[in-house]
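Structure here, sequence nowhere to be found:
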Ligand SMILES: Nc1ncnc2c1ncn2[C@@H]1O[C@H](COP(=O)(O)OP(=O)(O)O)[C@@H](O)[C@H]1O
Ligand SMILES: [Mg+2]
């Protein structure tokens, strides 16, 4: 893998189920550079969460390879401790422990990683200050707003200074203003700490705040947009892709791509 990559996948496939099988990932080749802030879009069921789970070593692929931080995940023996040291997770429903304060929640992932209660406490306090919650440290999750809870979840994800943070629809449960603020915070942390963020979102407004947008469909990355790249260049790259060529030839290589979507993509390819 390339040295500057934090994540690489090669021909990544994930099939769920024994009888009626679902091909949740269907040959994903992806490279994410260190320090990127990248979003993943796509309809429900297109494989976004599955992709994050494979990158975050929460689940194993059916075939193909994943490298994170230079390590082939198929070769890592102690995935739990690798994950604890390398990856931070943020989920749609923050998953904070309701009986613990904000500070205690941030300390949880440090157990077994940072020795000493005092050191853990200081680190949690620093992180909560960093995310703008200096005055909410001893509050319980139920005493915080949705946006504040997601800020705690972000602080918790950063507890062990991960190289990579994976966020699965972190703004999905928030109103658009709080969602925008959470994304701004991730942008700020990405800039200041150099942490790589991969953010799954349904919201185009959120995706537009990231430098690179991957679009998934039926377990494949069907299109990619880099902010600042003229639309024409993007379209040209789509035309050159396997999917683009097949669509221009009148084929539909994606079994679940509906006829309307197929027609829309064919029109797009024929435009300009
Ligand atoms: N644990 C699982 N068991 C069986 N099927 C699953 C499981 N997780 C996801 N799937 C299926 O895999 C496909 C992709 O799901 P997912 O990655 O959750 O999509 P997204 O996050 O884009 O909504 C869907 O068809 C979904 O039903
Ligand atoms: Mg999902």
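It's in. Predicted, not measured: the structure shown is a model, and the values here were computed from it. Ligands and ions are numbered 1, 2, ... in the order given.

if I read this right, residue 35 contacts residue 190, doesn't it?
Yes. Contact criterion Cβ atoms under 8 Å: residue 35 and residue 190 qualify, at 7.3 Å. Where C-beta positions appear, they are placed from N, C-alpha and C, glycine not excepted.

higher neighbour count, these two?
Shown here are residue 35 and residue 190; by other Cβ atoms under 10 Å, residue 190 has more neighbours (20 against 16).

on that earlier part again, what touches both of residue 35 and residue 190?
Common contacts of residue 35 and residue 190, defined by Cβ atoms under 8 Å, 6 or more residues apart in numbering, comprise residue 196.

Kindly report the residues of the stretch 1-150 of the chain close to ligand 1.
16-17, 22, 24, 42, 44-50 (Cβ under 6 Å from any ligand atom).

pLDDT, secondary structure and distance to ligand 2 added to the residues you listed, as CSV?
Formatted as CSV, these follow (pLDDT from 0 to 100; DSSP: H, G, I helix; E, B strand; the rest coil; distance: Cβ to the ion, whole Å):
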residue, pLDDT, secondary structure, distance to ligand 2
16, 95, strand, 13
17, 88, coil, 17
22, 93, strand, 13
24, 97, strand, 10
42, 91, coil, 9
44, 92, coil, 7
45, 93, coil, 8
46, 94, coil, 9
47, 96, coil, 8
48, 96, helix, 5
49, 96, helix, 3
50, 97, helix, 8
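
Would you show me how to pick out the buried ones of those residues in PyMOL?
Only the buried members of these enter the following PyMOL selection, criterion being 16 or more other Cβ atoms under 10 Å:
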select buried, resi 24+42+46+47+48+49+50
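
Would you check which pair of the residues of the stretch 1-150 of the chain next to ligand 1 lies furthest apart?
Farthest apart among these by Cβ to Cβ are 17 and 42. That separation is 20.5 Å.
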